[in-house]
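[1] how would this look folded up:
(chains A and B)
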Amino acid sequence: MRFETTRRNGYARAGKLTLDHGIVETPVFMPVGTNGAIKMCSRECVKDAGAQIVLSNAFHLYLKPGLDVLRSFGGIHNFASWDIPVLTDSGGFQIFSLSKNMHVDDEGVEFKSPLDGSVHKFTPEKVIEIQETIGSDIAMVLDECLAPGNDLESTKKSVKRTSKWAERALKSHTRKDQSLFGITQGGFFEDLRRESTAEITSMPFDGFGIGGLSVGEDIDTTLRMLDVVLPLMPENKPRYLMGVGDPILMLEAIERGVDMMDCVLPTRMARHGGILTSSGRINIRASAYEKDPTPLDPECNCKVCKTYSRGYIHHLIKRGESTGMILATYHNIYFLTNLMKQSRDAIIKGEFGEFKKFVIEKINNKR
RNA sequence: GUGGCUGUAGCUCAAUUGGUAGAGUGUCGGACUGUGGAUCCGAAUGUUGUGGGUUCAAGCCCCACCAGCCACC
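    Predicted structure coming up:
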């Protein structure tokens, strides 16, 4: 892996990430395909919508189809016929989001499969093994992502644990053609955020994730944490803000120096009729769009917006037609990849501040 | 034609011995951020087929009518 920042505008950066399966221009949005597919979007559509890299998930792929199948195909690229870079999340987030059936200790995480109730144990080493089998271009270490509301003491303990896990992950990682990212945590305590960032970034990872944000806290808190953390991160390595896909928050993150982001929100929302537009989010199910002949976003140049009306997609989504979900998903992915591309262009021109202000004002005005 | 059953929210149905109607679904909004096409939250909706009667009180009891279904001639 090679990463270079080609241009900077304040703290915002335009960069280029070179991976075995392709070059990724940053800032970048990465659509999420947990099970080896972006829901409602074929590989062709994903690429067509502008995605340069996609996410998958060690936790889910390990459960199904399982390592045997992945091994027999020689990894996710061959299995899913994905010829673009793939990043796999470790499953750390699942500890948090599926915590009812999990038990965490210093050794690792024991959990019951939500699919069949079987018991499994993830350790930092196991999660590396899984991701090496998957063969993703970028692997993430196992971390512990706490829910908001944890006190200082338990968060501190969690930060220590995440650091220890990071060391173990580094030691067990063998594939030279796979990059490994560490993940910083720290809840909503500035000191712990600093501590975690210092510890994790002192280790020889290829890049660094910022975890545990956008998990229910308000946006001011998120931004405060970013303000604390980003200046402490190495200039020469990519920074990945995990789980953020709100346009405004993405722009705020880019302004502070974030290079990569992923989120299920745009694709999940699309399936329920949530459409991202340049003048804010709309719910296409609303009866106001029943007879609307205009495109989802009049300012969008994507294929869906050039072809279909709001009224038609309103009808399809309300009827649960997968075609409606497919069209909405395509548009939302296009919208975010396009927003990233525009951000990049603005950074290169040295106009990111103005660009961000313009976009955010437009989104806020219409609502 | 005769006998029986049924008629309650758009739909499918609840409502202990008569005490002034609820649920699911659908509809209309909203939430969702390292993926549940999942889920959650909020809202609206009925002169209980029609017309009478009994009763302090009727979706429940009585009568007539209407509609649908079943059975038998």
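[2] quick one: the helix or strand containing residue A:192 near RNA strand B?
    For residue A:192, the host element (DSSP states H and E) is helix A:190-201. No. On the criterion Cβ under 7 Å from any atom of the strand, helix A:190-201 is out of touch with RNA strand B, staying 11.4 Å away. Where C-beta positions appear, they are placed from N, C-alpha and C, glycine not excepted.
[3] then stretch A:265-281?
    Yes. Using Cβ under 7 Å from any atom of the strand, we find that stretch A:265-281 touches RNA strand B at A:265, A:267-269, A:271-272, A:274, A:281.
[4] quick check: of the residues you listed, which lies closest to RNA strand B?
    RNA strand B lies nearest to residue A:267 out of the residues of stretch A:265-281 next to RNA strand B, by Cβ to the nearest atom of the strand, at 2.8 Å.
[5] now do the strands in the stretch 51-200 of chain A.
    A:54-57, A:86-89, A:102-104, A:109-112, A:119-122, A:138-140, A:179-184 (DSSP state E, counting those that start in this stretch).
[6] next, the buried residues of the third one.
    Going back to what we said before, that points to strand A:102-104. Within strand A:102-104, the residues scored as buried using 16 or more other Cβ atoms under 10 Å are residue A:104.
[7] so what touches it?
    A:94-95, A:109-112, A:144, A:161 (Cβ atoms under 8 Å, 6 or more residues apart in numbering).
[8] let's go with 7 Å and repeat that
    For strand A:102-104, the external contacting residues (Cβ atoms under 7 Å, 6 or more residues apart in numbering) are A:95, A:109-111, A:144.
[9] what does the stretch 151-300 of chain A have sitting close to RNA strand B?
    Counting by Cβ under 7 Å from any atom of the strand, the stretch 151-300 of chain A sits next to RNA strand B at A:183, A:185, A:209, A:211-212, A:214-216, A:242-246, A:249, A:262-265, A:267-269, A:271-272, A:274, A:281, A:283, A:285-288.
[10] contacting residues around the residue sitting furthest away from the middle of chain A?
    Computed with Cα atoms, centre = their mean, the residue of chain A farthest from its C-alpha average is residue A:291, at 34.9 Å. Contact analysis of residue A:291 by Cβ under 7 Å, 6+ apart lists residue A:311.
[11] make JSON lines from the strands of the stretch 51-200 of chain A and add distance to residue A:253 to it.
    Below are the strands of the stretch 51-200 of chain A laid out as JSON lines (distance: least, Cβ to Cβ, whole Å):
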{"stretch": "strand A:54-57", "distance to residue A:253": "17"}
{"stretch": "strand A:86-89", "distance to residue A:253": "17"}
{"stretch": "strand A:102-104", "distance to residue A:253": "28"}
{"stretch": "strand A:109-112", "distance to residue A:253": "28"}
{"stretch": "strand A:119-122", "distance to residue A:253": "28"}
{"stretch": "strand A:138-140", "distance to residue A:253": "18"}
{"stretch": "strand A:179-184", "distance to residue A:253": "14"}
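[12] and the ones you listed as JSON lines, adding mean pLDDT?
    Below are the strands of the stretch 51-200 of chain A laid out as JSON lines (pLDDT from 0 to 100):
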{"stretch": "strand A:54-57", "mean pLDDT": "96"}
{"stretch": "strand A:86-89", "mean pLDDT": "97"}
{"stretch": "strand A:102-104", "mean pLDDT": "86"}
{"stretch": "strand A:109-112", "mean pLDDT": "88"}
{"stretch": "strand A:119-122", "mean pLDDT": "90"}
{"stretch": "strand A:138-140", "mean pLDDT": "98"}
{"stretch": "strand A:179-184", "mean pLDDT": "98"}
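[13] any idea which of those gets closest to residue A:297?
    Closest to residue A:297 of those is strand A:54-57 (Cβ to Cβ; 22.7 Å).
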